[in-house]
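[1] with the input below, show me the fold.
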Amino acid sequence: MKSRWIVVADRTQAHVFSENKGELTEHSGLLHSQSRLQDRELENDKQGRASFAGESLGGHGYAAHSDAHDREAEIFAKEIVTHLHDLEKHNQLASLILVAEPRMLGFIETALPKSLQACLQSTVRKDLCHIPRAELLLKLKELL
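    Numbers count the residues shown, from 1 in each chain. A predicted model of the protein is given here:
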């Protein structure tokens, strides 16, 4: 049976709900533990070096924090989309609501194939992953 599906995600986790006749059911939770790693654990290469005019010694190291964490967020976004695509293939997805912090939502939207884009009912640019479950369910019901 086709239902409306709601994904609430951040860079490290995603909660997947279905809605049928106003009732929300959580079906699965996806975790991406790599996004919780420190920069040094994500990057195998040495940090880059930057030198500035007038410096006679060395330069300064800089971290590629956003690059490494963005790559992991993009990987996780693709995992979320793969999960949604499986729902679509099994004829379970009627429409879709995505709720995520703005940057993660952008990664998910970029990864959506046209078939899932056509199912997209709305998007909400908020990080709701870390609020208490009862409050989350209330906020999601407001979206319906």
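[2] which residues sit against the helix or strand Gly29 falls within?
    Take DSSP states H and E as the rule and Gly29 turns out to sit in strand 23-31. For strand 23-31, contacts defined as Cβ atoms under 8 Å, 6 or more residues apart in numbering pick out 6, 9, 12-19, 76, 79-80, 83, 137, 140-141. Using the backbone N, CA and C atoms, a C-beta is placed for each residue, glycine as well.
[3] quick one: buried residues of stretch 102-113?
    Of the residues in stretch 102-113, those with enough neighbours to count as buried (16 or more other Cβ atoms under 10 Å) are Arg103, Met104, Leu105, Gly106, Phe107, Ile108, Glu109, Ala111, Leu112.
[4] related to what we said a few turns ago, using PyMOL, define a selection of the buried residues within the contacts of strand 23-31.
    To isolate the buried ones among these in PyMOL, judged by 16+ other Cβ under 10 Å, type:
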select buried, resi 6+9+12+13+14+15+16+17+18+19+76+80+83+140
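[5] so which of the contacts of strand 23-31 sit within helices?
    The helices, defined by DSSP state H, take in Phe76, Glu79, Ile80, His83, Leu137, Leu140, Lys141 from the contacts of strand 23-31.
[6] ok, so of the residues you listed, who is nearest Leu128?
    The shortest gap between Leu128 and any of those belongs to Leu140, at 8.0 Å (Cβ to Cβ).
[7] in contact with the closest one, which residues?
    With contacts defined as Cβ under 8 Å, 6+ apart, the neighbours of Leu140 are Ile6, Val8, Phe17, Glu19, Leu24, Val99.
[8] so where is this structure shaky, pLDDT-wise?
    Counting by pLDDT under 70, the chain contains low-confidence residues at 33-66.
[9] at 50 what do you get?
    Within the chain, the stretches falling below the threshold (pLDDT under 50) are 35-38, 41-42, 45-57, 59-65.
[10] how about the strands in it?
    Taking DSSP state E, the strands of the chain run over residues 3-9, 13-20, 23-31, 48-50, 60-62, 93-100, 120-125.
[11] can you redo these as TSV with distance to Pro132?
    Rendered in TSV, the data for those read as follows (distance: least, Cβ to Cβ, whole Å):
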stretch	distance to Pro132
strand 3-9	13
strand 13-20	13
strand 23-31	14
strand 48-50	41
strand 60-62	38
strand 93-100	15
strand 120-125	18
